[in-house]
Every structure is written in C-alpha cells, then in structure tokens.
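K.L.:
Give me a model of this one.
(chains A and B)
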Amino acid sequence: MEKPFEIVILSGKGGTGKTSITASFAALAENAVFADCDVDAADLHLLLSPVIVHQEKFASGAKAEIDNEKCTACGLCLELCRFNAIEAEDEIYTIDEYACEGCGLCVEACPYAAITIEKYENNNIYFSNCRFGPMIYGKLGIAEENSGKLVSQIRQYTKETALKNKSGLIITDGPPGIGCPAISSVTGADIVIAITEPTLSGWHDLQRLMEMIGRFHTPVQVIINKYDLNEDMTNTIENRLKSQNIPVIGKIPYDDAMVYALLESKTIIETEPQSEITHELNNIWKILTSIIYESKKSI
Amino acid sequence: MKIAITSGKGGTGKTTVSTGLFHVLTKYYKYHVQLLDCDVEEPDCHIFIKSVKHDEQPVTISVPEIKTDQCTFCGKCKAVCAFNAIVMMPSAKFIEVVEDMCHGCGACSYVCKDNAIVEHNRIIGTISYFDYFARDEFIEGRMNVGSALQTRVIRETINHAKKAGIILFDSPPGTSCPVIATVSKADYVILVTEPTPFGLHDLKLMVETVKQLNKNRGIVINKAGLNYSPLYDYIKKENIALLGEIPFKKEYAKAYSLGKLLPEYDPELRNTFQSIIKQVVNGETV
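P.N.:
Residues are numbered from 1 along each chain as shown, chains lettered A, B, ... in the order given. Model (predicted):
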C-alpha cells in the first residue's frame, strides 16, 4: 500500500486563515483524510461539522505528587528540582503543578519514597466523519501540557485511517507558533503550506517558521492571505520570498464572505462558488494536485 | 499589578491590545509600566513598540553529555529520562543525548554512578531589554528557532518583571503550558476575542482555563462590527466584564500591517484604551 501524501498547513502567526483554507482544501480534495493538530484551540470541526464515531483518552502530561504522611521535610527534592516546582511552607512540601515538568528526579531521589508521578489523562482524541471524509482531531485538557505528544498521536491515527481507507492524501490543520506542537506537526510531512498575511508581524513570524521548517528540509509553498489589505507589503513579501527561492502558490483577497461562510459552518467553496476567492483556491488546489502527482511519480 | 493579555485563538489582537495599553499607560499616566513579550515563539511587540534595545542575555539550560569511555551502559540514565532524550545501543557502544528533546532536569546526572555524565549550557532563547520612555520598560523573550522549550523562556522572561507598577504580559495563543506559564503569574487576565464562531469557541476554552486558575478577568472584542449575538449572549451569561470593543476597519488592518499603534493612529481609540485601563486598574493598588 502506498504511503499517503501529507499536506500540513502552518502559519507561525495565528489568525492568518489556516483553518478556513484547510477546510476549503477539504472541500476540493477527493478521497482524503483530515486532521486538526491545533490541539490547543481546535476549530476545524466548526467548519466541517463532523460526526464523532469513536473517542479515546490520551495521557500526555505527568506531575509529581508528595505524600505528606511519608515526607520528612528533608529538603532534598527542593534542592534538586531545577524547575522550582517544589514549595515548602512550615515544613509542608507541595508541588507547584504549573511549574512541574514531570521529569521524575524528585521521585528517584526521595529517600522516603514519598513522591510519585501521576499521569494526567485529560486529553481526548476524536475519530469522526465529515461531509468530505474521515477526520481525526484532538482536544487538550484544560491547562494541560505537552501538546506535541498529542499532535504526534493524532497524526499517527490519521495515517492509519488513510491507509485503511485507501486514501492517498492527508490534509492537516496545524497549530500556530514554532514550538513543540508545530515541530511535531512538521516531522515527516510531505509538504507545508505556510499561510501568511501582508503585515510586518505576518512577515516576521513567517521567517521564523521557515527557519524551523528548514531544519526538516520539508518543501514549502506560501499563500499570502488577505493580500489586498496592503498590496505594497504583499509585493515586498513576494520579492523577498523569491530571493530566498521560496515559491508563492497563490494570493487570496480579503472578503467578508469568508466570515459569512464560517457563520454557516461552511467553506467559501460551498457558499460562494463563483467568488474570486473560490477561483483562486481552485487554482492553488490544481497546482498542489500536480505537485502531489509529480512527487508520487518520483517515488 | 500584573495583567496578562491572552486569547485562545491566534490573531485576535493580543499584541494590538498589549502594545496599545502599554503605549497609552506610558504616555498618559503616571504609573510605572512594563511590557513583557511572553509570546516567545513569535514575539511581535517590538514591531509596534519602537524602542532602543540596550542589552540582551541568553536563556540557557544545563544539558548532559555522556562520556562513552566512562559509561558502562547500565541504562539507568535512559530509564530515568522522562523525555526519551537518551539513545543507547550497548552492542555498538553507542549512547547519545538528543539535545532538542532534553529538558535539562538533571535526572540522568543524578542516577549515573560512573561519573560518565558532564553538563554544559545550551542556549534556548534570548531576553532583550529595551528603553521606551523609561529604562527597561519593554522586555522581550525570544525562543531560539528549533527549540521546544518555550515555557522555560517564558518563565525566564517573567522573572524580569519589575516588583511594582503595572506589568503587562503579552501571552502566546492557545490554552496549554506556555499560556498557563504566563497567565498563572498574573493578577488580572484580559481575554481578547473576535465576533466569529472561531473567536467564541476559543474564548470559551480560555474562560474555563482562567476560571480554573481563579483569576480576575475581562473581555475585549477586537474586529467588532459583525453583530454575532452568540458571543454577546455568552459574555452576558458568564457575567464577565466587557471592557471594550475595537471596531473592524480596513484602515485599522492597514495601520496594523505597517506596525502602527492603534491609539496613536486613531485618537478615538485612545478613549477605548483609557476606559479599559480604568476598569482593570480601578481600585487596585499597583
């Protein structure tokens, strides 16, 4: 069975239009599987309205806990912890759960076996079906950590689902930023579509994103969204990308219709099939399809 | 008084609100004010706060290095490492630390009885100090590209907060550890949202997080104008203060794109920011 081709949509800066564009690709794709890896604030389901068929818990974080019956207040853990996560007040030792990274050094060191590591099973992974195909997404528990592990698990399940369904394509909505969840989204992806906007912040954040992706040598195509909000800036960004040999696959204008589509829980492809945006998204999708075709041929 | 500006959803206007508040506070009030850019993955405040950087300091963690000639391949370090950062193949006499995975906790050094582990500093980010109207009024935390230890850089940034005055934290988006590291250190949380289903969905997640942390809170609606009633109904139902609204205008979007501060671009908005300050700071000792 051939390995499915995975497109990951990222942006660095939040709010550039990742999710709306991902959903539009979902509407255009044939026989694809979708993943939402923005586990902090997963929004793709708001546009794709999937029906959940199965869900499971996923443990990512772990925190230390001190049993005060056994603790003798010797202070060894306090001395060793590099995250300042041990608090001592009147010889009562407790863990600052927001500072604890669950490394387990205190558990290892405690001479009285008073400390244990508790796993937190606060995250959910959903297997669902939407009108365009199967979709896997996750929800991080409130104040939960280690979203990178959850992202890896969602991508793994999505790959398995694609193989099972004999679909050759995965479209993944990624998280903002360039930290652990973004890194987890890029590893092993076949292509990244980076969505930017013509603002100084958009450009600044895109450069950092490119540097992060560059470490994985993943091919990248850029979409400049809302390009007409500042056309001078759009030109500047295009020229700079050109000088760095980074291709721009398309430019999408600003249109309130994007928001109105969202209010109907639909993609703009469905609500405004004749709009300029739909036309441009179709063009982008055609180019992407040929890139996928070429890439599969070369394997 | 420490105020975190956060959002759940990215791109709702956290930085617009933080830098706008900072500018208005420094220019029109007598408080001691400080802005900390805690969005260390993508720090953007410096684009709007045109100021002079006068110093910077690296953020480091202490990471292990395993001396193969001393190592007996007992496997204790690999077993204790909670982050899977140690790769070992005893048959090939191979053992190595994957630095990108290492959190620098020191557990491996602690359990190694063969003195095979030494540690060295690894730079994971930079703290920069800027002068605006006064010394060190603006501090930026910036994680190195490729690192996954954003939370550590955030904590280090917050350690640079002044002891008194109004301290603003520009938070990263999301609801997970980097946001908690920022919001848990604040006395008041400003939640920035936009009137769309995305904005509302992510606002709800953030409100639950802030409730769990037991923080005072208020909401600012950015890109207002679209009369999306579910958002207003929710705010009412939750009984959270609506501190102010910044309307959506294409000209604001353009001013933002050029790195302009909104309360400077449109003096009308200065009133909006002053009203937010009045409601948040009201009655508090700062």
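
K.L.:
Which parts of the chain are helices?
P.N.:
Reading this off chain A. Assigned helices in chain A, in chain order: A:18-28, A:44-48, A:76-80, A:105-109, A:147-164, A:180-186, A:200-214, A:231-243, A:257-263, A:268-271, A:276-298 (criterion: DSSP state H).

K.L.:
that's the other chain; I wanted chain B
P.N.:
Going by DSSP H, chain B shows helices at B:14-28, B:45-48, B:76-80, B:107-111, B:150-158, B:177-183, B:197-212, B:229-238, B:250-257, B:262-265, B:267-281.

K.L.:
With mean neighbour count as added columns, please give those in CSV.
P.N.:
All C-beta spots, glycine's among them, are computed from the backbone N, C-alpha and C. Formatted as CSV, the helices of chain B follow (neighbours: other C-beta atoms under 10 Å in any protein chain shown):
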stretch, mean neighbour count
helix B:14-28, 24
helix B:45-48, 22
helix B:76-80, 19
helix B:107-111, 21
helix B:150-158, 25
helix B:177-183, 26
helix B:197-212, 21
helix B:229-238, 14
helix B:250-257, 17
helix B:262-265, 20
helix B:267-281, 17
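
K.L.:
could I get the ones you listed as CSV with mean pLDDT and distance to chain A?
P.N.:
Below are those laid out as CSV (pLDDT from 0 to 100; distance: least, C-beta to the nearest C-beta, whole Å):
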stretch, mean pLDDT, distance to chain A
helix B:14-28, 97, 7
helix B:45-48, 98, 5
helix B:76-80, 96, 6
helix B:107-111, 97, 4
helix B:150-158, 95, 4
helix B:177-183, 93, 4
helix B:197-212, 95, 4
helix B:229-238, 97, 10
helix B:250-257, 95, 4
helix B:262-265, 96, 13
helix B:267-281, 96, 18
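
K.L.:
Just send the helices of chain A back as JSON lines, with mean pLDDT too.
P.N.:
Output for the helices of chain A, formatted as JSON lines (pLDDT from 0 to 100):
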{"stretch": "helix A:18-28", "mean pLDDT": "98"}
{"stretch": "helix A:44-48", "mean pLDDT": "97"}
{"stretch": "helix A:76-80", "mean pLDDT": "97"}
{"stretch": "helix A:105-109", "mean pLDDT": "97"}
{"stretch": "helix A:147-164", "mean pLDDT": "94"}
{"stretch": "helix A:180-186", "mean pLDDT": "94"}
{"stretch": "helix A:200-214", "mean pLDDT": "97"}
{"stretch": "helix A:231-243", "mean pLDDT": "97"}
{"stretch": "helix A:257-263", "mean pLDDT": "93"}
{"stretch": "helix A:268-271", "mean pLDDT": "97"}
{"stretch": "helix A:276-298", "mean pLDDT": "94"}
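
K.L.:
Serialize the ones you listed to JSON lines and add fields for mean neighbour count.
P.N.:
Converted to JSON lines, these look like this (neighbours: other C-beta under 10 Å):
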{"stretch": "helix A:18-28", "mean neighbour count": "25"}
{"stretch": "helix A:44-48", "mean neighbour count": "23"}
{"stretch": "helix A:76-80", "mean neighbour count": "16"}
{"stretch": "helix A:105-109", "mean neighbour count": "21"}
{"stretch": "helix A:147-164", "mean neighbour count": "21"}
{"stretch": "helix A:180-186", "mean neighbour count": "26"}
{"stretch": "helix A:200-214", "mean neighbour count": "22"}
{"stretch": "helix A:231-243", "mean neighbour count": "15"}
{"stretch": "helix A:257-263", "mean neighbour count": "19"}
{"stretch": "helix A:268-271", "mean neighbour count": "19"}
{"stretch": "helix A:276-298", "mean neighbour count": "15"}
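
K.L.:
Export the ones you listed as CSV, with columns for distance to A:Tyr120.
P.N.:
Formatted as CSV, the entries for those read as follows, by distance: least, C-beta to C-beta, whole Å:
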stretch, distance to A:Tyr120
helix A:18-28, 27
helix A:44-48, 23
helix A:76-80, 20
helix A:105-109, 16
helix A:147-164, 12
helix A:180-186, 17
helix A:200-214, 27
helix A:231-243, 41
helix A:257-263, 33
helix A:268-271, 39
helix A:276-298, 38
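
K.L.:
okay if I get those as JSON lines plus distance to chain B?
P.N.:
Listed next are these as JSON lines, based on distance: least, C-beta to the nearest C-beta, whole Å:
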{"stretch": "helix A:18-28", "distance to chain B": "7"}
{"stretch": "helix A:44-48", "distance to chain B": "5"}
{"stretch": "helix A:76-80", "distance to chain B": "7"}
{"stretch": "helix A:105-109", "distance to chain B": "4"}
{"stretch": "helix A:147-164", "distance to chain B": "5"}
{"stretch": "helix A:180-186", "distance to chain B": "4"}
{"stretch": "helix A:200-214", "distance to chain B": "4"}
{"stretch": "helix A:231-243", "distance to chain B": "6"}
{"stretch": "helix A:257-263", "distance to chain B": "6"}
{"stretch": "helix A:268-271", "distance to chain B": "14"}
{"stretch": "helix A:276-298", "distance to chain B": "16"}
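
K.L.:
Specify the stretch among these that is closest to A:Gly12.
P.N.:
helix A:200-214 (3.4 Å; C-beta to C-beta).

K.L.:
same for that closest one, what does it pack against?
P.N.:
helix A:180-186, strand A:191-196, strand A:220-225, helix A:231-243, helix B:45-48, helix B:250-257 (3 or more C-beta pairs under 8 Å, 6 or more residues apart in numbering or on different chains; DSSP states H and E).

K.L.:
what about 7 Å?
P.N.:
helix A:180-186, strand A:191-196, helix B:45-48 (3 or more C-beta pairs under 7 Å, 6 or more residues apart in numbering or on different chains; DSSP states H and E).

K.L.:
Compare those and give me the one nearest B:Lys113.
P.N.:
Short answer: helix A:180-186, nearest of those by C-beta to C-beta, at 31.8 Å.

K.L.:
I'd like to know which elements that closest one is packed against.
P.N.:
Helix A:180-186 packs on strand A:5-10, helix A:147-164, helix A:200-214, going by 3+ C-beta pairs under 7 Å, 6+ apart.

K.L.:
before we move on, the earlier item: can I get the helices and strands packed on helix A:200-214 in CSV including distance to B:Met101?
P.N.:
Converted to CSV, the helices and strands packed on helix A:200-214 look like this (distance: least, C-beta to C-beta, whole Å):
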stretch, distance to B:Met101
helix A:180-186, 10
strand A:191-196, 22
helix B:45-48, 30
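
K.L.:
out of the ones you listed, which comes closest to B:Leu242?
P.N.:
Per C-beta to C-beta, nearest to B:Leu242 of the helices and strands packed on helix A:200-214: helix B:45-48, 24.1 Å.

K.L.:
and the chain, what are its domains?
P.N.:
Unless you meant another one, I'm taking chain A. Listed by automatic domain parsing, the domain ranges of chain A are A:5-59+A:125-298, A:62-119.

K.L.:
ah, I was thinking of chain B
P.N.:
B:2-49+B:132-281, B:60-123.

K.L.:
so can I have TSV of the ones you listed showing distance to A:Gly15?
P.N.:
TSV is the format used below for these (distance: least, C-beta to C-beta, whole Å):
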stretch	distance to A:Gly15
domain B:2-49+B:132-281	1
domain B:60-123	28
